[in-house]
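Give me coordinates for this.
(chains A, B and C)
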Amino acid sequence: MTSARSPHFASRWLQLLSSALVHELRQRLRQPSQLLHPIGFAVLVALLFGFAVGPQPEKLTLVAPAALFIALLLATFLSMELLFSSDFEDGTLDALSASGRELVPILYGKALAFWLAQGLSLLLALPLLMVLLNISVSLAPVLVFTFVMVSLGLSFLGLIGSALTVRLRAGAMLLMLLILPQAVPLLIFSLGAINAAQLGDSTAAPLFYLSAVTLALFVLAPLAAKGVLSQAIGD
Amino acid sequence: MNRLWLYLNQLGSPPNFWRWSGPWMRVSFILALILTSIGLYGGLVLAPLDYLQGETFRIIYIHVPAAVSSMSIFVFMAVQGAAALIWRIKICEIFVVCAAPIGAMFTVLTLVTGMLWGKPTWGTYWTWDARLTSELVLLFLYLGVIALYQSYSDLRAGARAASVLAIIGVVNVPIIHYSVQWWSTLHQGETITLTGSKMHASMLWPLLVMFVASKLYFLGSLLLRARVTLIEQESGKAWVRQALAIDTSEATNKPGQTSVSI
Amino acid sequence: MQAAASTILSARELIGSRGGFALFEPVSFDLQPGQLLWLEGDNGVGKTTLLRGLLGLAMLQFDSLCFLGQPLPAARAQMQQQTRWLSHQSSLKSVLSVAQNWRFWAVLYQHPPINAAELAETLGLEGLEDQPVASLSAGQKKRAQLALLQFGKPALWLLDEPFANLDQSGIALVERLICEHLDAGGAALSTSHGVLGTGSALAKRAHALKLRPAKLAQIDDLAHD
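Alright, predicted model coming up:
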């Protein structure tokens, strides 16, 4: 093992990270349907909410931001499976695990690419959802910021979840069962910020906690996922 | 240190574990039964009434030991999981997957007793109280570990994946609890808690007895489950055949059954 | 028994297992630089499991296993870094071009920047380097995969059915690549149902290792790796 402090180690790390990031982003952008399906899904969930609550604006205003956010979250959860599924099918996952090279920077590259493409493309649905659910434009900044943070956190949490389930063919349901409870802090703080903004309160505290949880996931999740992938060996 | 390490390793080897776990399991179950009877009698009959809550407070003799067990078992799973992954000790993997259903059972017990207590106290079975809510999330963490283990066709790979998930969960539990607490104070402020008032000694001792009883039940149940899982995983190995020798010879002696030589 | 440090892979009493059952009778072998070991055996006897186990992708039991004189499992990472695997899975992304795939793996395997056009020519893929992998035939995909074997100059090749899907010239190409690898001091372990052309340069250097199915018996559990 190279010592963690040497400049060579850092440049090698960056090289692997950027190479994996570019490789992964290219694939995601080549498959635009994978980016568009979650958008359609999120809009449909919002539509269901509209039908369920009823058309009265005063009733809708109360739950609309939460409904919008949950629609975006569910769409993110459902696409989480895509983090590793193609790598498993074409043998890339085996080749990476057996390469004896640093996996952590590659996992960073993968999670970041997933976040940039799969996560942030959902922001395109935001204006449409806001119109549908009759949400005032003044909420847009806090919605965008919380969603950016939460989708970053979920991309890294998904790294662990899909590493645990990728070899199982058990599908998105098991992944949701494993990841949703772990995601509770992310959900609470992001929805707390949105509620506070809606009521005109200060959003500083929940946004601070949200950023702290996301940062913790950013630092720890790739290490945990690497542990999972090397444990999954030997079936 | 080295000798202790060797001793522990031998203690954990499948045949040795099989040998010592049997008596321990029986003793734990018997003691748990005796202590539960004493504790319940002390708590439900002997202990004086609570001046605030009346008879309903007596549910703490089940609720509190169950709640403590539901949390401590998760920590136990994470510690065993770490040992399983670092030193690759098979029995630790088995402990992780066998502890999960017991922990889930205690979590359900906590939730149910909490809800039963909530009905007369709060007038409703379920409130979005911070403790009750984090307990529910804890139940889902247990269910996740169980579901993950059961999804693997290879038992050992499943046990190792479950170990990792238990470790991740235990890191996350305090964060989840804190976030739920933050959320709950934001929405409704502090509520009456189940163990708020100071306890008199005559109310305290049955609780302590119940604590010990719940731990002994956990130990006995864990050893029983571990023994079954171990036999399942190691079936066909020489020591299993030896350990179960009496049973197989009995089975082959039954009339109408063809004897199988192994 | 300690093998010389120049021996690339030295195995004693190696067993592969699936679900706790031994697959084949214990095997022992020494693989010197320039040697090719040809794994023979019926379907399901565990040839692929053996290769996966050597890579660290499956469990193996052994009395001793040394890579370049270093005992495993301590030398696991070093062995993985100097070993390359050719499997039936291409590890190439079908939506990306051949050259883009090659560049990713070249970076991972610490290979100097590649000239994709030149490399494509040596593998019989002239003009295809900018095509998406999805548009290639199975044989062409295999040829594209052969490039990964050379990145980073690994000492040991593990080849799982290297001739599958290939035409006559493809088979000749694989044989030539293996010969070059062996000439450069490398070693290879291969499984194949295909018969080596008698008298071919490769057949003369190949040693056969027959895997025999184990009698139904459970292997004793090792407390570690």
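
Can you give me the buried ones in the lowest-mean-pLDDT helix or strand in chain A?
One helix or strand of chain A scores below all others by mean pLDDT, DSSP states H and E: helix A:57-79, with a mean of 85. For helix A:57-79, burial by neighbour count (16 or more other Cβ atoms under 10 Å in any protein chain shown) applies to A:60, A:64-65, A:67-79. From N, CA and C alone the C-beta is placed, and that goes for glycine too.

nearest to chain C, of those?
A:Ser79 (16.5 Å; Cβ to the nearest Cβ).

Any buried residues in stretch A:24-37, and which?
Result for stretch A:24-37 [16+ other Cβ under 10 Å]: buried residues A:Glu24, A:Leu25, A:Arg26, A:Gln27, A:Arg28, A:Gln34, A:Leu35.

Leaving out chain neighbours, which residue sits closest to the fifth one?
I take that to be A:Arg28. A:Ala117 (3.8 Å; Cβ to Cβ, 6 or more residues apart in numbering or on different chains).

Surely the one you found is within a strand?
No. Using DSSP: H, G, I helix; E, B strand; the rest coil, the assignment for A:Ala117 is helix, not a strand.

want to throw the buried residues of stretch A:24-37 into TSV with pLDDT and secondary structure?
Shown next, in TSV, are those (pLDDT from 0 to 100; DSSP: H, G, I helix; E, B strand; the rest coil):
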residue	pLDDT	secondary structure
A:Glu24	92	helix
A:Leu25	93	helix
A:Arg26	93	helix
A:Gln27	92	helix
A:Arg28	90	helix
A:Gln34	87	helix
A:Leu35	89	helix
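
How many residues are close by residue 14?
Here I'm looking at chain A. 11 (other Cβ atoms under 10 Å in any protein chain shown).

that's the other chain; I wanted chain C
19.

these two touch, right, it and C:Ser28?
Yes. Using Cβ atoms under 8 Å, C:Leu14 makes contact with C:Ser28 at a distance of 6.9 Å.

Now the common contact residues for the two.
The contact sets of C:Leu14 and C:Ser28 do not overlap (Cβ atoms under 8 Å, 6 or more residues apart in numbering or on different chains).

Quick check: phi and psi on C:Lys153?
When read as degrees, to the nearest 10, the backbone of C:Lys153 gives phi 50, psi 70.

Neighbouring strands - and their directions - for the top strand by length along chain C?
Ranked by number of residues, the top strand in chain C under DSSP state E is strand C:9-18. Looking at strand C:9-18 with DSSP bridges, its partner strands are strand C:21-22 (antiparallel), strand C:27-31 (antiparallel), strand C:60-61 (antiparallel), strand C:64-67 (antiparallel).

Including mean pLDDT and distance to C:Ile178, could those strands go into a markdown table?
Converted to a markdown table, the strands paired with strand C:9-18 look like this (pLDDT from 0 to 100; distance: least, Cβ to Cβ, whole Å):
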| stretch | mean pLDDT | distance to C:Ile178 |
| --- | --- | --- |
| strand C:21-22 | 77 | 30 |
| strand C:27-31 | 89 | 14 |
| strand C:60-61 | 82 | 24 |
| strand C:64-67 | 89 | 20 |
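
Kindly reformat these as CSV and extend each row with distance to A:Ser121.
Listed next are the strands paired with strand C:9-18 as CSV, based on distance: least, Cβ to Cβ, whole Å:
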stretch, distance to A:Ser121
strand C:21-22, 48
strand C:27-31, 50
strand C:60-61, 44
strand C:64-67, 45
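
can you list the ones you listed in JSON lines and add mean neighbour count and distance to B:Trp126?
Putting the strands paired with strand C:9-18 into JSON lines (neighbours: other Cβ atoms under 10 Å in any protein chain shown; distance: least, Cβ to Cβ, whole Å) gives the following:
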{"stretch": "strand C:21-22", "mean neighbour count": "16", "distance to B:Trp126": "50"}
{"stretch": "strand C:27-31", "mean neighbour count": "18", "distance to B:Trp126": "62"}
{"stretch": "strand C:60-61", "mean neighbour count": "20", "distance to B:Trp126": "53"}
{"stretch": "strand C:64-67", "mean neighbour count": "21", "distance to B:Trp126": "58"}
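
B:Ala104 is nearest to which of the ones you listed?
Closest approach to B:Ala104 among the strands paired with strand C:9-18 is made by strand C:21-22 (32.1 Å; Cβ to Cβ).

now, among the buried residues of stretch A:24-37, which is nearest to chain B?
A:Glu24 (23.4 Å).

give the contact list for the closest one.
Counting by Cβ under 8 Å, 6+ apart, A:Glu24 makes contact with A:Gly109, A:Lys110, A:Ala113, A:Phe114.

What is the neighbour count of the first one?
I take that to be A:Gly109. A count of neighbours around A:Gly109, defined by other Cβ under 10 Å, yields 21.

For it, which non-adjacent residue is closest in space?
A:Ala20 (2.9 Å).

In what element of secondary structure is the one you found found?
Element membership of A:Ala20 [criterion: DSSP states H and E] is helix A:7-30.

Would you tell me which helix is longest in chain C?
Assignment by DSSP state H gives helix C:168-183 as the longest helix of chain C.

residues in contact with it?
Here helix C:168-183 has contacts from C:33-36, C:123-124, C:139, C:142-143, C:146, C:149-150, C:157, C:159, C:162-163, C:166, C:188, C:190, C:194, C:197, C:200-202, C:205, using Cβ under 8 Å, 6+ apart.

Next step: these restricted to helices.
Of those, the ones assigned to helices by DSSP H are C:Gly139, C:Lys142, C:Arg143, C:Leu146, C:Leu149, C:Gln150, C:Ala201, C:Leu202, C:Arg205.

Now the buried members of the residues you listed.
Of these, these count as buried by 16+ other Cβ under 10 Å: C:Lys142, C:Arg143, C:Leu146, C:Leu149, C:Gln150, C:Leu202, C:Arg205.

Just give the nearest non-adjacent residue to the first one, would you?
Which is C:Lys142. Counting by Cβ to Cβ, 6+ apart, the residue nearest C:Lys142 is C:Asn165, at 5.1 Å.

touching chain B at all, the top helix by length along chain A?
Of all segments of type helix in chain A, defined using DSSP H, the longest is helix A:204-231. Yes. Using Cβ under 8 Å from any Cβ of the partner chain, helix A:204-231 comes into contact with chain B via A:Tyr209, A:Val213, A:Ala216, A:Leu220, A:Ala224, A:Gly227, A:Val228, A:Gln231.

just these now: which is nearest chain C?
Closest to chain C, out of all of the residues of helix A:204-231 next to chain B and judged by Cβ to the nearest Cβ, is A:Gln231, at 11.8 Å.

Now C:Asp167: phi and psi?
Phi and psi for C:Asp167, reported as degrees, to the nearest 10, are phi -90, psi -180.

Contacts only, for it.
Taking Cβ under 8 Å, 6+ apart, we find C:Asp167 in contact with C:Gly139.

Burial check on C:Gly127, number of neighbours?
9.

Spit out the contact partners of the nearest residue to A:Leu78 once chain neighbours are set aside.
Nearest non-adjacent residue to A:Leu78, counting by Cβ to Cβ, 6+ apart: A:Ala172, 5.7 Å away. When contacts are counted by Cβ under 8 Å, 6+ apart, A:Ala172 touches A:Phe77, A:Leu78, A:Met80, A:Glu81.

separation between the residue minimising distance to the centre of chain C and C:Met79?
For chain C, the residue nearest the mean C-alpha position is C:Leu158 (1.2 Å; Cα atoms, centre = their mean). C:Leu158 sits 11 Å away from C:Met79, going by Cβ to Cβ, to the nearest Å.
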